[in-house]
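Here's a sequence, model it:
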Amino acid sequence: MRAAPAHGAPYAVRVMTAEDSAPAALAARLRALRPSLGPVRLVGVDGHAGSGKSTLCAALSRTLGGAPVVHLDDLASHESPFGWTGRLTEQVLTPLGRGEPARYQVYDWERRGYIHSSVVEPAPVVLLEGVGAGRRAVRPHLACLIWLEVDREKAWARGQRRDGAALAPFWESWKRAELRHLAEDPSAPFADILLVPRGGTCQFRERKPRTPAAGG
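From the prediction side, this is the model:
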């Protein structure tokens, strides 16, 4: 289990790197972490929709030699975009914590049902990607929480360009749901690493971990 950063704790380290070098710099940090879920270093990658989480995780996965990625979009649904905690716990976290493969149902966003499935092996690093990856119910299982510090409106605009006009009605409902979720259960204040893309460079802001109480 990770030593959670104190809410609002100061940044301990600021590192600037080229954006295409960010995955290698992050991978080195992640490999050095202690396992947090059985034999697994579970790494949450959170941020607004459209902030680049999936792109970062794809690059991280390659850099880490094929680290599995669990996309929270696969566990969510139209009716319950953030109601996936029980499904994640039962189908992913519990088996990985036992060192067993996690077999979970995957939602089909076009056919509107959990009609596919996926398997994640208990690899040394498993990436958990999506809005809410750092929610309070998940944080105790994380070795590290990364938040992509991208302006909300810019991230949403990027996501809408990616998805096209046909999904505009969905995006309007998603924005309301995301705002509500992050107001009730924010992730960014508890991130171990804030990753700030800036015009071809990335800044890492690492928070100081909270010091455990004596005897704790």
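
Need the nearest residue in space to Gln91, chain neighbours excluded.
Excluding the flanking residues, the one nearest Gln91 by C-beta to C-beta, 6 or more residues apart in numbering is Tyr104, at 3.7 Å. Bear in mind the C-beta positions are built from the backbone N, C-alpha and C, glycine included.

Centre of the chain to whichever strand or helix holds Ala183, how far?
Element membership for Ala183, per DSSP states H and E: helix 168-184. Taking the mean of its C-alpha atoms, helix 168-184 sits 17 Å from the chain's own mean (C-alpha atoms, centre = their mean, to the nearest Å).

next one: stretch 155-164
19 Å.

which residues sit against it?
When contacts are defined by C-beta atoms under 8 Å, 6 or more residues apart in numbering, stretch 155-164 is touched by residues Gly47, His48, Ala49, Gly50, Ser51, Gly52, Leu167, Ala168, Phe170, Trp171, Lys175.

Give me the mean pLDDT for that stretch.
Averaged across stretch 155-164, the pLDDT comes to 86.

same question, stretch 58-72
pLDDT averaged over stretch 58-72 gives 96.

now stretch 40-55
Stretch 40-55 comes out with an average pLDDT of 96.

can you pull the buried residues of it?
Residues of stretch 40-55 classed as buried under the neighbour-count rule (16 or more other C-beta atoms under 10 Å) are 40-54.

In the chain, where is pLDDT below threshold?
Regions of the chain meeting the criterion pLDDT under 70 cover residues 1-20, 208-216.

I'd like the distance between the residue nearest the centre of it and Ala32.
By C-alpha atoms, centre = their mean, the chain has its centre lying nearest to Val45, at 2.3 Å. Distance of Val45 to Ala32, computed by C-beta to C-beta, to the nearest Å: 17 Å.

Check Arg176 too.
Look at Arg176 and Ala32: by C-beta to C-beta, they are 39 Å apart.

Next: Ser51.
Distance from Ser51 to Ala32, by C-beta to C-beta: 25 Å.
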